[in-house]
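> Model the structure of this input:
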Amino acid sequence: MTLQDIADRVGVARGTVSSALSGKGRISAETRDRIRATAEELGYVANTVARNLRVSRSGSIGLHVPDDPLSYPFYMAVVYGVVTRAQEEGILVTVVPKSISNDTRFEDHLDGFIVIDPHDGDEMAARLLRGRRPVVSGEAPPADVPAPAAIVTSDNHAGATELVRHLVDRGARSVLGVIAPPVAAWSREVAAGFHLAVEDSGIRSTTIILGPDVGPEQISEQIAAAVTDDVDAVLCAAEGTALIALQTLTKMGRRVGVDILLASWPDSLALSATIPSVSSIDLRARAIGAACVEALIEAIEEAANTSANAPTSTRTIHVPYELVLRDSTRRLTGR
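Modelled structure (predicted):
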């Protein structure tokens, strides 16, 4: 079914049909309604490929995600949000690997890029941000690379602060923070929020800053060594670390939610199914992915209309978080 078929049925020019379906042109409401009703009756589906060719686009975007096993559930939820929202717009998503030959100009075949949690020293993220196509960043990129068209972010500092205050409200007086390496904006913000809340609350704290390549066994050993008898709460970032902490504390004979509290930044489905379930900060990963797509579409349109790929300024889009309370932060016994 083509535009000409609709035009023949309604008795108008093909260009009139195109304008009516795209919402453009000076067409009477009656004619526009007749054209749209006929298109629906005939089962017309827009030829996305042809439309993209007319505006010199591929109809595809690239997505670059860190290779971080401790955060896989969160990143996969972000990816799902990206793909679902892009599908609604008729856009294909190509996953961009961690590295690729500099001789391969794959950037020229995609309309723009989404970079999630760009880490310090991530050569691919830096390459994309220095490229000619619009880029949207999930969380702020390192300071030594060009600014993206937009940054989609959560208030990580406030979320970590609220999580510590919740632990204090539940009776915690000595908190262990298990924090991811400070190689990305979110981990630095979480660490800053943790330390600020601890200082404001006047409680004791110990911090484990994980190494970049540390595995589950090493994390468990570090937690076991740091959880002395007086430690009554553990805050973990990221969610994979919380699962390791829960297992470690249980093996140590500590009763999570009874004589020691446990909380995670961020949330994941697994944390709702553990025994006990783990309180956390829900960053709404799918909403972050969808917001990245919407911001990138706007950036691509802006670049096309202004014939300039670099935005005049970087927009910041905030996705609100939610504190999810579960069994792991029931009030401590006797407090």
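
> Show me what counts as buried in the helix or strand harbouring E40.
Using DSSP states H and E, E40 maps to helix 29-42. Residues of helix 29-42 classed as buried: T31, R32, R34, I35, R36, T38, A39 (neighbour count, 16 or more other Cβ atoms under 10 Å). To be clear about C-beta, it is placed using only N, CA and C from the backbone, and glycine gets the same treatment.

> ditto for stretch 109-116
Result for stretch 109-116 [16+ other Cβ under 10 Å]: buried residues L110, D111, G112, F113, I114, V115, I116.

> In terms of secondary structure, what does the helix or strand containing A86 contact?
Using DSSP H and E, A86 sits within helix 72-88. Secondary-structure packing of helix 72-88 (3 or more Cβ pairs under 8 Å, 6 or more residues apart in numbering; DSSP states H and E): strand 60-64, strand 92-95, strand 113-116, helix 239-251, helix 285-306.

> Quick one: these as TSV, columns for distance to E139 and mean pLDDT too.
Output for the helices and strands packed on helix 72-88, formatted as TSV (distance: least, Cβ to Cβ, whole Å; pLDDT from 0 to 100):
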stretch	distance to E139	mean pLDDT
strand 60-64	13	95
strand 92-95	18	93
strand 113-116	7	97
helix 239-251	16	96
helix 285-306	9	89
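
> Among the buried residues of helix 29-42, which one lies nearest to P69?
P69 lies nearest to A39 out of the buried residues of helix 29-42, by Cβ to Cβ, at 48.2 Å.

> was I right about the closest one contacting L21?
Yes - using Cβ atoms under 8 Å, A39 makes contact with L21 at a distance of 6.2 Å.

> Show me the strands in the stretch 51-200 of the chain, by range?
60-64, 92-95, 113-116, 135-138, 150-153, 174-179 (DSSP state E, counting those that start in this stretch).

> and those strands, which is most packed in?
strand 135-138 (a mean of 29; mean count of other Cβ atoms under 10 Å).

> sorry, back to before: list the buried ones in the helix holding A86?
In terms of neighbour count (16+ other Cβ under 10 Å), helix 72-88 has its buried residues at Y72, P73, F74, Y75, A77, V78, V79, G81, V82, V83, R85, A86.

> Quick check, the fifth one in contact with A285.
Yes - counting by Cβ under 8 Å, A77 touches A285, with 3.5 Å between them.

> Can you give me the distance of E302 to A149?
8 Å (Cβ to Cβ, to the nearest Å).

> More neighbours: those two, which one.
A149 (26 against 15; other Cβ atoms under 10 Å).

> Which stretches in the stretch 101-250 of the chain count as helices?
123-129, 156-169, 185-201, 216-226, 239-251 (DSSP state H, counting those that start in this stretch).

> would you list those helices in JSON lines and tack on mean neighbour count and distance to G289?
Below are these laid out as JSON lines (neighbours: other Cβ atoms under 10 Å; distance: least, Cβ to Cβ, whole Å):
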{"stretch": "helix 123-129", "mean neighbour count": "20", "distance to G289": "17"}
{"stretch": "helix 156-169", "mean neighbour count": "21", "distance to G289": "17"}
{"stretch": "helix 185-201", "mean neighbour count": "20", "distance to G289": "15"}
{"stretch": "helix 216-226", "mean neighbour count": "15", "distance to G289": "27"}
{"stretch": "helix 239-251", "mean neighbour count": "21", "distance to G289": "16"}
